[in-house]
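K.L.:
turn this into a model:
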Amino acid sequence: MNNRPTWQERPTLFGLTLKGFTLTLIVLVMIYPIYVVILTSLSTASAVTAAGGLVTLPTDLSLDAYRELFGGGVVTRAVLVSTGVTLVGTAVSLGLTILAAYGLSRTNSLFHRPLLFLFLLTFLFTPGMIPTYLMVRELGLIDSYWSLILPSAISAFNLVVMRAFFMNIPGEVIDSARIDGAGDFRILGRIVLPMSKGVTAVIGLFYAVGYWNAFFNAVLYINDNSKWPLQLILRQYVQQGMDLVPNTRTYDSAAGALPPNLAIKMAIIVVALIPVLIIYPFVQKHFTKGVIIGAVKG
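P.N.:
All right, here's what the predicted structure looks like:
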């Protein structure tokens, strides 16, 4: 008699068909909006007008929206700012999180419990926008790129996940390294981090996506529009109709009219999406190993 649970039984043909149909439907629902955004960004004014808005079928494709977008230098500069803030911010945040998580994962470390309590306290209480702004101003960080990094340098959630993963590393491995004369930094660099590539990649992706998509810190702390990141440019253009090409037009006027505003808006969205779409597939495989093991087993 077969006593296996129901979820361990071989799926029927109907079950496999239903699963395949459901997964296909989910993929289409997720991909369709991205397809429409990309297609609209590549469409001419006549195609957008004929479609009555968002374009769903490719008819008349053109790169005029992207030429217009990068012609004035505003978006190009914003992309460089966002890229720099993302790279530096991710490196700073990941480095601080690794050091703090490793220190807090050693239960015999100095002030272990009080420091852990302070970090966990941020889950319940936040300083608020006005005190944070006053501190940033007193530190002289207004109109500085560091104001986009330091106020959100460490995420308590990411710290807890990484600490839980570090605590899951067998203590015998670390003790044997100490017997061989290794210090904490060597243990961290030579033993702990190589065993934690999955969680490090995932936490790094969390920080990178956060810095790339952030715009509120720029609204508060950056008054010089030449230092605005891409997401703030996107917000200003979509909501307030800011002119991205104030002095010159790069399109060929003999070839047709200026690209429609809708196509330019979709082009900005595509530019903002590209880095995440490129990086995410390479890090996705680490999610289960990195986050689930760290959060549950720790």
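
K.L.:
and the helices in the chain?
P.N.:
Secondary structure of the chain by DSSP state H: the helices cover 13-41, 45-51, 64-71, 74-105, 112-121, 129-138, 156-167, 171-179, 184-187, 197-213, 216-221, 230-240, 261-283, 286-287.

K.L.:
so which of the ones you listed is nearest residue 149?
P.N.:
helix 74-105 (4.2 Å; Cβ to Cβ). In this view, the C-beta of every residue, glycine as well, is placed from N, C-alpha and C.

K.L.:
could you say what helices and strands that closest one packs with?
P.N.:
Packing partners of helix 74-105 (3 or more Cβ pairs under 8 Å, 6 or more residues apart in numbering; DSSP states H and E): helix 112-121, helix 156-167, helix 197-213, helix 230-240, helix 261-283.

K.L.:
any chance of those in CSV, with mean pLDDT too?
P.N.:
As requested, those are arranged in CSV below (pLDDT from 0 to 100):
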stretch, mean pLDDT
helix 112-121, 83
helix 156-167, 87
helix 197-213, 87
helix 230-240, 77
helix 261-283, 81
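
K.L.:
next, format the ones you listed as a markdown table and append distance to residue 75 and mean neighbour count.
P.N.:
Output for these, formatted as a markdown table (distance: least, Cβ to Cβ, whole Å; neighbours: other Cβ atoms under 10 Å):
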| stretch | distance to residue 75 | mean neighbour count |
| --- | --- | --- |
| helix 112-121 | 38 | 12 |
| helix 156-167 | 30 | 21 |
| helix 197-213 | 15 | 21 |
| helix 230-240 | 6 | 18 |
| helix 261-283 | 7 | 17 |
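
K.L.:
closest one to residue 40 among those?
P.N.:
Of all these, it is helix 261-283 that lies closest to residue 40, at 4.3 Å by Cβ to Cβ.

K.L.:
quick one: that closest one to helix 230-240, angle?
P.N.:
Inter-element angle recorded for helix 261-283 and helix 230-240: 150 degrees (by axes from the mean of the first three to the mean of the last three Cα atoms, to 10 degrees).

K.L.:
which residues touch helix 261-283?
P.N.:
34, 37-38, 40-45, 48, 53-54, 64-66, 68-69, 75, 79, 83, 86, 201-202, 204-205, 208-209, 212-213, 230-231, 233-234, 237-238, 241, 244 (Cβ atoms under 8 Å, 6 or more residues apart in numbering).

K.L.:
can you redo the helices of the chain as a markdown table with distance to residue 150?
P.N.:
Output for these, formatted as a markdown table (distance: least, Cβ to Cβ, whole Å):
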| stretch | distance to residue 150 |
| --- | --- |
| helix 13-41 | 33 |
| helix 45-51 | 42 |
| helix 64-71 | 30 |
| helix 74-105 | 8 |
| helix 112-121 | 17 |
| helix 129-138 | 8 |
| helix 156-167 | 16 |
| helix 171-179 | 31 |
| helix 184-187 | 23 |
| helix 197-213 | 12 |
| helix 216-221 | 10 |
| helix 230-240 | 18 |
| helix 261-283 | 22 |
| helix 286-287 | 27 |
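
K.L.:
for those, which one sits closest to residue 145?
P.N.:
Residue 145 lies closest, by Cβ to Cβ, to one member of these: helix 74-105, at 6.0 Å.

K.L.:
and residue 84, how close does it get to residue 216?
P.N.:
According to Cβ to Cβ, to the nearest Å, residue 84 stands 18 Å off from residue 216.

K.L.:
could I get the contacting residues of the spatially most central residue of the chain?
P.N.:
In the chain, the residue lying closest to the centroid (Cα atoms, centre = their mean) is residue 209, at 0.8 Å. Residue 209 makes contact with residue 276, according to Cβ under 8 Å, 6+ apart.

K.L.:
what's the pLDDT at residue 286?
P.N.:
pLDDT, residue 286: 65.

K.L.:
is it possible to export the helices and strands packed on helix 74-105 to TSV including distance to residue 139?
P.N.:
Formatted as TSV, the helices and strands packed on helix 74-105 follow (distance: least, Cβ to Cβ, whole Å):
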stretch	distance to residue 139
helix 112-121	20
helix 156-167	21
helix 197-213	19
helix 230-240	21
helix 261-283	29
